[in-house]
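A.B. asks: I would like to see how this sequence folds:
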Amino acid sequence: MLKDYSAHLRYSLFLVDFALLPLTFLLAYWLRADLLASFFDKPMEPLRAYSWLIPYMAVFSPVVLYLMHNYKPFRREEIWKVVARGLVATLLLTLLGGSLIFLAQHWLYSRALFSFWMGLYGACIVGSRLFIMTVLRRIRSRGYNFRTIVLVGWGEAAKEIASEIEAHSFWGLRIEGVILGGQERIDGDLPFPVLGRVDDFEEIVKERAIDEVFFTLEDDRRQLERVAKVCAMLGCSLHVIPRKVDDSYRISAERLGSIPLLAYKRVPEARGQLFLKRLIDLMVSAVIMAVFPLIYAVVGLAIKMDSEGPVLYRGLRVGHNRRRFYCYKFRTMVKDADKMISLLEEVNELKGPIRKSSRDPRITRVGRFLRRWSIDEIPQFINVLKGEMSIVGPRPPTPDEVERYSLSDLRKLSMPQGITGLWQVSGRDAIKDFRQRLELDLYYIDHWSLWLDLKIMARTLSAILRGGM
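C.D. replies: Below you'll find the model as predicted:
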């Protein structure tokens, strides 16, 4: 029944979000056309000149909100995560809406109106969820709308669960008692009633209103199977504490055909966000490639006039999960620079397996200009379109650099490599130590989110405009 309440809440939020689209549009139009009209020079067109965008946004909005987990139950969620999901979803909707206006060539569409609309809609998305969370948390803190749980076993894992539940009364979880393992011995008194032994699990739970069972006994597969069978028949949720391998792993449930598995992963598993990351990669790359012929003509002419050799440089790089690919860049060095690597060894400024120097004698005059403004990186959007790279990610190393990596260093290659990344916007050439760069790359992998990507992209653009990339 409690699951049904959660589903009702999701459907209600969906309907509220759907209704908010036209309502916030009308409010935004009133702000721009009437209340704040004196702050703008141009008068507004009639309402129907702008309302054509509402049906398109009504299609995109639920998809984006769903993919960004805005309909995920938030009984045990942290407030900042709920706010972040709403803000990221709003930003993505703003990008999609702006792209639609651009593609439809509605050049006169009011930017102020669209900004007001998306701002109001985002505020309502976040506000509605914060309001519901606040109300439900107060209700649960007073002992209502709770779930009753039992703990099977009283080891360290069970004590941690009990401690978390006690510290978060607003989750609405009430511990009915503890069911001990068959041979389990307890020293001292327990803070909860002992309901019996796991051998009598069926008799214990069928006489009580139990919503969830937390199974914490280690290495007792036979009892786990019995408990799971009883929970399935009674319709209550069963939670099993997985065996700890490493605290940095993300644990998820998977299936190999009909075989259930627990997957331990060190890389992000947010499929909705990863899908949107790839969608942004494709959209931005497509726009860049649309003007690439003009960029190629201008930059190519400058390169040819400055030095002998091809316009584009194809360098072998190591990408996602150690796959090799050719990375494209505008040539910034003299012809056959790879054969002159010994010149770089003499002026190398970096510590570790990577080599680089601001005084590299192989860099041409035009090359220095291209590097300062990051123009040499533009052809890498070809690699992004091909799926060999992403816009944001760790920088792809060369094969000889990877040969010097330790086993733990190779985790840097567990995500698609990027044109820009965290260490580039955290100091770039000022960070001389390979270990510092690697730590930033691994921090990016361990804390990845679409919001982090968007922040890195914004900081990259700012750095490029200042000539600091």
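A.B. asks: and E45, that's in a helix?
C.D. replies: No: assigned with DSSP: H, G, I helix; E, B strand; the rest coil, E45 falls outside any helix and is coil.
A.B. asks: how close does it get to L113?
C.D. replies: Distance of E45 to L113, computed by CB to CB, to the nearest Å: 10 Å. Yep, even glycine has a C-beta here, placed from its N, CA and C like the rest.
A.B. asks: more crowded one of those two?
C.D. replies: Neighbours per residue, other CB atoms under 10 Å: of E45 and L113, the larger number sits with L113, 20 against 13.
A.B. asks: need the contact list for that one.
C.D. replies: Counting by CB atoms under 8 Å, 6 or more residues apart in numbering, L113 touches A28, Y29, R32, M44, Y50.
A.B. asks: could these go into TSV alongside secondary structure, distance to R140 and neighbour count?
C.D. replies: Shown next, in TSV, are the contacts of L113 (DSSP: H, G, I helix; E, B strand; the rest coil; distance: CB to CB, whole Å; neighbours: other CB atoms under 10 Å):
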residue	secondary structure	distance to R140	neighbour count
A28	helix	36	22
Y29	helix	40	19
R32	helix	41	22
M44	coil	46	16
Y50	coil	43	23
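A.B. asks: ok, so of those, who is nearest V267?
C.D. replies: Taking CB to CB as the measure, V267 sits nearest to A28 out of the contacts of L113, at 39.6 Å.
A.B. asks: could I get the full set of helices for the stretch 151-300 of the chain?
C.D. replies: Under the criterion DSSP state H, counting those that start in this stretch, the stretch 151-300 of the chain contains helices at 156-167, 201-206, 221-234, 271-306.
A.B. asks: which of those sits most buried?
C.D. replies: Highest mean neighbour count of the helices of the stretch 151-300 of the chain: helix 201-206, a mean of 17 (counted as mean count of other CB atoms under 10 Å).
A.B. asks: where does the protein have low pLDDT?
C.D. replies: The chain contains residues with pLDDT under 70 at 1-6, 105-108, 188, 244-249, 268-269, 341-358, 427-430, 432, 467-469.
A.B. asks: all the strands of it, residue numbers only.
C.D. replies: Under the criterion DSSP state E, strands of the chain are mapped to 147-152, 173-180, 194-197, 212-215, 237-240, 250-256, 259-265, 312-318, 324-330, 390-392, 418-420.
A.B. asks: in TSV: those strands, plus distance to K159.
C.D. replies: Output for those, formatted as TSV (distance: least, CB to CB, whole Å):
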stretch	distance to K159
strand 147-152	9
strand 173-180	10
strand 194-197	14
strand 212-215	11
strand 237-240	15
strand 250-256	20
strand 259-265	22
strand 312-318	45
strand 324-330	49
strand 390-392	41
strand 418-420	42
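A.B. asks: in JSON lines, list the ones you listed along with distance to D400 and mean neighbour count.
C.D. replies: As requested, those are exported to JSON lines (distance: least, CB to CB, whole Å; neighbours: other CB atoms under 10 Å):
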{"stretch": "strand 147-152", "distance to D400": "54", "mean neighbour count": "22"}
{"stretch": "strand 173-180", "distance to D400": "54", "mean neighbour count": "20"}
{"stretch": "strand 194-197", "distance to D400": "62", "mean neighbour count": "16"}
{"stretch": "strand 212-215", "distance to D400": "50", "mean neighbour count": "21"}
{"stretch": "strand 237-240", "distance to D400": "46", "mean neighbour count": "15"}
{"stretch": "strand 250-256", "distance to D400": "32", "mean neighbour count": "11"}
{"stretch": "strand 259-265", "distance to D400": "29", "mean neighbour count": "11"}
{"stretch": "strand 312-318", "distance to D400": "9", "mean neighbour count": "17"}
{"stretch": "strand 324-330", "distance to D400": "12", "mean neighbour count": "19"}
{"stretch": "strand 390-392", "distance to D400": "23", "mean neighbour count": "25"}
{"stretch": "strand 418-420", "distance to D400": "21", "mean neighbour count": "25"}
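A.B. asks: tell me which of the ones you listed sits nearest to A286.
C.D. replies: The nearest among the strands of the chain, by CB to CB, is strand 390-392 at 12.1 Å.
A.B. asks: strands paired with the closest one, and their directions?
C.D. replies: strand 418-420 (parallel) (DSSP bridges).
A.B. asks: contacting residues for the closest residue to I125 other than its chain neighbours?
C.D. replies: Setting aside the residues directly before and after it, I125 is nearest to G86 in space (CB to CB, 6 or more residues apart in numbering), at 4.6 Å. Listed by CB under 8 Å, 6+ apart, the contact partners of G86 are N70, G122, I125, V126, R129.
A.B. asks: could you measure from G86 over to L130?
C.D. replies: According to CB to CB, G86 and L130 sit 9 Å apart.
A.B. asks: what sits against I464?
C.D. replies: Contacts of I464 (CB under 8 Å, 6+ apart): W373, S374.
A.B. asks: coming back round to it: with distance to T148 added, can I get the contacts of L113 in JSON lines?
C.D. replies: JSON lines is the format used below for these (distance: CB to CB, whole Å):
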{"residue": "A28", "distance to T148": "46"}
{"residue": "Y29", "distance to T148": "50"}
{"residue": "R32", "distance to T148": "52"}
{"residue": "M44", "distance to T148": "57"}
{"residue": "Y50", "distance to T148": "52"}
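A.B. asks: how about those residues, which pair is most distant?
C.D. replies: Greatest spacing in those, by CB to CB: A28 and M44 (10.9 Å).
A.B. asks: out of the strands of the chain, flag the one nearest L15.
C.D. replies: Ranking these by proximity to L15 (CB to CB) places strand 147-152 first, at 25.3 Å.
A.B. asks: who are the packing partners of the closest one?
C.D. replies: The contact analysis (3 or more CB pairs under 8 Å, 6 or more residues apart in numbering; DSSP states H and E) places strand 147-152 against helix 156-167, strand 173-180, helix 201-206, strand 212-215.
A.B. asks: can you rerun that using 7 Å?
C.D. replies: helix 156-167, strand 173-180, strand 212-215 (3 or more CB pairs under 7 Å, 6 or more residues apart in numbering; DSSP states H and E).
A.B. asks: before we move on, the earlier item: just the closest of the contacts of L113 to L65, please.
C.D. replies: A28 (18.7 Å).
A.B. asks: quick one: that closest one from D41, how far?
C.D. replies: Distance of A28 to D41, computed by CB to CB: 18 Å.
A.B. asks: the residue nearest to C124 when sequence neighbours are not counted: how many residues sit nearby?
C.D. replies: The shortest distance from C124 to any non-neighbouring residue, by CB to CB, 6+ apart, is to L20 (4.9 Å). When neighbours are counted by other CB under 10 Å, L20 registers 19.
A.B. asks: can you check the one 10 residues further on too?
C.D. replies: Residue neighbour count, defined by other CB under 10 Å, stands at 14 for W30.
A.B. asks: so I179 bridges to which residues?
C.D. replies: Beta-bridge partners recorded for I179 (DSSP bridges): V152, G196.
A.B. asks: ok, now which ones touch it?
C.D. replies: By CB atoms under 7 Å, 6 or more residues apart in numbering, the contact set of I179 is V150, V152, L195, G196, R197, V198, F201, I204.
A.B. asks: thinking again about what came up before, nearest to L370, of the helices and strands packed on strand 147-152?
C.D. replies: helix 156-167 (53.5 Å).
A.B. asks: between the two ends of stretch 317-324, what distance do you get?
C.D. replies: Stretch 317-324 has an end-to-end distance of 6 Å (CA to CA, to the nearest Å).
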